[in-house]
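>>> fold the following for me, if possible:
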Amino acid sequence: MRFLPALALTLPWCVALLAQQPEAPVPQASEPRPTASWNAIGRQPHRLAHSYNSLQPQSSFASSYPVASWLGTCPEDGPLARHSLHASLNLSNLSARAGDDCGPGCGSVCNNDCGLLCGHAEAMEPNARKQATGTMDNEAEFARLFPDAKLQAQTPAPEASDSAPTNDALPEKYNLHYQYTLTGMGYPSFSARYTDPAYLVFGTGSSLPTQGQARETQSTDLYFGYRLSASMEFHIDTLFWQGYGLNNSYGIDDFPDGEAFKVGVRYPHFSVVRFFIRKTINLGGKGKEPVDDDEITLRGEQDPNHITITVGRYSIKDIFDNNRYANDPRTQFLNWGLMANAAYDYPADALGFTTGIAIEWYTPKWALRYGWFQLTKYRNEFTAESLYLTIPSEPDAGDGKIFKDWSMVTELEHRHNFGTHPGAVRFLVFDEQANMGSFKAAVALANSPAILAEYGTPAKFLATANGITGGIDDTHALRDTYGAGLNVDQEISRNIGVFSRIGWNIGQNEAFEFTDSNWTASFGTSIQGERWKLPNDVVGAAFVTSGASKANQAYLAAGGIGILTGDGFLDYSPEKVVEIYYDHQFSRHIHAALDYQFVDDPAFNHARGPVNAIFGFRLHYER
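Sure, this is the predicted structure:
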C-alpha cells in the first residue's frame, strides 16, 4: 500500500481536471462559498474576501443601458449557442418579442438562453430564470456578441436618491454569533514492527495504537462584538469544549483532526479564549470597501489603504497564514498540516490562543503584517489567563518572561487576478525565543554515564520528559528557533481553486507549541458542487508531507518524544498524508461532512503503518 502516497501526488489535479467546466469568453468571477465559522486556531475570511473583491472588474454599462428589448433571431451556431447568458448579461429588464423564430441553432438551449431572446422565456426552467443575471461591460461587447440584435430605449438610469441607507449598509454597533461543531474519527487496526508500551507519560502513549480506536470532540463558541468608536471594536469569545483526538492527539505529526487541537477533556470545560481590541486607521484611496459581519468583525466600511492594529488575546491564525481553501477545520480540511503551515511553530497555548499585538498595513494589492506574541511558560501548556478565565482552572498555566520568551512573525501578501480569477501569495518569516530544550544536548545527556547508571538506557531517560522536567526538559535554556513559509491560493475557474503551502524551520530545538515538523509541503484542490447542482457543497482533495531535521531524527531514534511524536525508536521516513472530504449544506446554518485520510509513515516512522483508512465525520452549525 505504500504506492498510495505517490499516487496521491496527482490526485488533486486529476479531480480538478475532471470537474473542469467550459467557461464563457466573458466570465464573471465568483467567490467561494463563505465559511463564517471560526475554529480554535481562528481565521479571517473577511480580509480575504475583501481583498479579492477589490480586484474585480467593474462595469458601467448596466447603469447606462438598463432597459432593452431584443429583436432578431438566434442564428445557427450563433452567439447564444456559444455563450452562457447568465455569465455575461443583465437580463433583469430584458424582454423578447413573442413569436420570433428560434432558428435551427437554438435547439437544445431553447429552454434557457435562446428562450429568453426568442419569446419562449415562459419555457425556461425556474433555476435558469433565476441564474439569468450578470453584467454587460459595454455597448461594443453587446454588438460583438449579438450582431443581429438591436438595443432600444437606451435611456440612462435615474440617479439613485439620497435616501437614508438601509440597516444592512449601516455600521454595526454590536453583533452576536454562535457555532457548534461535532467531529468523530476512527480507524481499523494496522500493522507495525513495534509499539513501545513504556510511553505512558501522557496517559495513552506516544505511539498510535495498532488495534484501532474511535474518538469524538465537541466545541461551542459564543461571540460578542461591540463598536467602541467609528474605527475601534471590542470582541470576546467564550468556548466550551469536550472530547479527545485519536490517542489523545499523539502518534501522527500531521494530526488528522483539527478540532482535536485543543487539549482533551472528558467533561465540558469553559474558557474565555478571545478578548481583544481592533483599531483601524484609514489612509484614503478610491472609494470605500465594505467590511462584512462575521464572528470577530463588525459590519462597516474602510478605506482601501488602511492600517489595522489588534491588541489582546486571540489566535495567530486569525491574522497570519490564512488560505482561501485550506484554513478552517470546521468547514474545510480537517488535517493540522492543511489548516496551517506545520513547520511554523506558532505561539498558542493548549487551546490555540495567546496574547500579543499585530499591526497590518493594507493597500489594494498588497498587505504587510507584523506580530509580537507571548509564549507559554512550559511547552504546549496554558497561558497565565487560564488561571482565571478557564473552568476548571489550570494550575500549571503561566507565561514566559515577557521580554525573554516571545515569538515574532512578519508576513507579506500580494493579491492578484489571472483574468477574472483571484489569487494570493503570502511569504512568512518567524523567530521565537523561549526556554527550550536542544535535541543534541538531550541526546548527549541521555548517553552520559550518570544517566545510564540511573536509567539503564537513553530511551528510558528521554521518556520521562513531561514539558517541565525530565528528558529533553532537563536541557532547557534560552534558545531561538526561526523559519519561513510560503502560502498560495488560486482560483482556476468559477468553482475550482488550488492551494499550496511549504515551510521550514531550523530544526535544532524542541517544538514548543504546534507540531514536531521541521519542514512541510502541501497542495490540493477545492471544488464547489455547481456541476452536480449543489453549488454550496464542497469536495476537497489534498496531499501533505512533513519531515524532521537530522538533529530531530537522532533525538527520536534515541527514544525522545515530542509534542506529537515518539515511538521509542525510529526508522526515519517523511510522513505522508492524503485527505479527501465532502461537505454538504443542509440549510443556511447547518453543514455536515464525511472525511477520509490515509497516513503513511506516521510520526516519521517507516516501521509503523501505513494507516490505510482514517474515517471521519463533522457536523457544524453556525449563525
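>>> what's the distance between G485 and K377?
26 Å (C-beta to C-beta, to the nearest Å). For glycine as for every other residue, the C-beta is placed from the backbone atoms N, C-alpha and C.
>>> could you do A444 as well?
According to C-beta to C-beta, A444 stands 25 Å off from K377.
>>> what do you get for A424?
A424 is 36 Å from K377, by C-beta to C-beta.
>>> do the same with G437
Separation of G437 from K377 (C-beta to C-beta): 14 Å.
>>> have a look at these two and say which one is more surrounded.
G437 (23 against 20; other C-beta atoms under 10 Å).
>>> isn't that one right up against D473?
Yes: under the criterion of C-beta atoms under 8 Å, G437 makes contact with D473 at 5.7 Å.
>>> hey, what's in contact with both of these two?
Both G437 and D473 are contacted by A465, under the criterion C-beta atoms under 8 Å, 6 or more residues apart in numbering.
>>> ends of stretch 283-301, what's the gap?
13 Å (C-alpha to C-alpha, to the nearest Å).
>>> now it: buried residues?
285, 289-300 (16 or more other C-beta atoms under 10 Å).
>>> which stretches in the stretch 251-400 of the chain count as helices?
Using DSSP state H, counting those that start in this stretch, the helices of the stretch 251-400 of the chain run over residues 336-339, 386-389.
>>> now the first one: how far from the chain's centre is it?
The reference is to helix 336-339. 8 Å (C-alpha atoms, centre = their mean, to the nearest Å).
>>> quick check: domain ranges of the chain?
Residue ranges for the domains of the chain, per automatic domain parsing: 4-26+169-437+476-622, 67-145.
>>> that's a helix at F461, yeah?
Yes: assessed with DSSP: H, G, I helix; E, B strand; the rest coil, F461 lies in a helix.
>>> got the contact list for it?
L445, A446, I451, E454, Y455, G470, G471, G559.
>>> just give the closest residue to it, not the sequence neighbours.
Y455 (4.2 Å; C-beta to C-beta, 6 or more residues apart in numbering).
>>> count of residues packed around that neighbour?
Neighbour count of Y455, defined by other C-beta under 10 Å: 15.
>>> for V577, grab phi and psi.
In this entry, V577 is assigned phi and psi values of phi -130, psi 140 (degrees, to the nearest 10).
>>> tell me the pLDDT at it?
Here, the pLDDT recorded for V577 equals 98.
>>> okay but F523 is in contact with A541, surely?
No: F523 lies out of contact with A541 (C-beta under 8 Å); the separation is 10.0 Å.
>>> picking up where we left off before, Throw the helices of the stretch 251-400 of the chain into JSON lines and include mean pLDDT, thanks.
Output for those, formatted as JSON lines (pLDDT from 0 to 100):
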{"stretch": "helix 336-339", "mean pLDDT": "96"}
{"stretch": "helix 386-389", "mean pLDDT": "88"}
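>>> most tightly surrounded among those helices?
Highest mean neighbour count among those (mean count of other C-beta atoms under 10 Å): helix 336-339, with a mean of 29.
>>> so which elements touch it?
If contacts are counted by 3 or more C-beta pairs under 8 Å, 6 or more residues apart in numbering; DSSP states H and E, helix 336-339 sits against strand 519-529, strand 534-547.
>>> how many other residues sit next to F270?
Neighbours of F270 using other C-beta under 10 Å come to 13.
>>> residue closest to the middle of this protein?
Nearest to the geometric centre of the chain sits N327, at 0.8 Å (C-alpha atoms, centre = their mean).
>>> what separates that one from T220, distance-wise?
Computed as C-beta to C-beta, the N327 to T220 distance reads 20 Å.
>>> next one: I359
32 Å.
>>> then A557?
42 Å.
>>> swap in N605?
Counting by C-beta to C-beta - N605 and T220 are separated by 36 Å.
>>> now S206: which helix or strand?
According to DSSP states H and E, S206 maps onto no helix or strand at all.
>>> surely it meets I563?
No: counting by C-beta under 8 Å, I563 is not a contact partner of S206; they are 9.8 Å apart.
>>> of the two, who's got more company?
Set side by side, S206 and I563 show more neighbours around S206, with 27 against 21, by other C-beta under 10 Å.
>>> so what's E216 up against?
The contact partners of E216, by C-beta under 8 Å, 6+ apart, come to L182, T183, G184, M185, G243, Y244.
>>> by neighbours, which of the residues you listed wins?
The residue in those with the most neighbours, by other C-beta under 10 Å, is T183 (26 neighbours).
>>> Provide a list of residues in contact with it.
Counting by C-beta under 8 Å, 6+ apart, T183 touches E216, T217, Q218, G243, D257, E259, A260, L334, G616, F617, R618, L619.
>>> buried only: go through those for me.
E216, T217, Q218, G243, D257, E259, A260, L334, G616, R618.
>>> which of those residues has the weakest pLDDT?
Within the buried ones among the contacts of T183, pLDDT is lowest for A260, at 90.
>>> that one is in contact with Y244, isn't it?
Yes: counting by C-beta under 8 Å, Y244 is a contact partner of A260 at 6.8 Å.
>>> list residues touching both of those two?
By C-beta under 8 Å, 6+ apart, A260 and Y244 have these common neighbours: R215, T217.
>>> picking up where we left off before, ok, and the most crowded of the contacts of F461?
Ranking the contacts of F461 using other C-beta under 10 Å puts G471 first, with 27 neighbours.
>>> run through the residues that contact that one.
Contacts of G471 (C-beta under 8 Å, 6+ apart): G437, A442, A446, F461, L462, A463, T464, A465, G560, I561.
>>> against F604, how distant is the residue lying closest to T308 once chain neighbours are set aside?
In space, and not counting its chain neighbours, T308 is closest to E360: 4.4 Å by C-beta to C-beta, 6+ apart. Look at E360 and F604: by C-beta to C-beta, they are 35 Å apart.
>>> okay, the two: which has more neighbours?
Neighbours were counted for E360 and for F604 using other C-beta under 10 Å; F604 has more, 28 against 22.
>>> residue contacts, that one?
F604 touches D253, S546, G547, A548, Q553, L556, T565, L570, Y572, S573, P574, E575, counting by C-beta under 8 Å, 6+ apart.
>>> between these, which is nearest R313?
Of all the contacts of F604, D253 has the smallest distance to R313: 27.3 Å, by C-beta to C-beta.
>>> that closest one contacts T565, doesn't it?
Yes: using C-beta under 8 Å, D253 is in contact with T565, at 5.3 Å.
>>> most packed of the domains of the chain?
Buried most deeply of the domains of the chain, by mean count of other C-beta under 10 Å, is domain 4-26+169-437+476-622, with a mean of 20.
>>> between its first and last residues, how far does stretch 362-381 reach?
Terminal residues of stretch 362-381 are spaced 34 Å apart (C-alpha to C-alpha).
>>> I meant to write stretch 221-237 there.
7 Å.
>>> and the average pLDDT for it is what?
97.
>>> same check, this time on stretch 279-286
95.
>>> just stretch 311-321 next, same as before
pLDDT averaged over stretch 311-321 gives 97.
>>> likewise stretch 289-302?
pLDDT averaged over stretch 289-302 gives 95.
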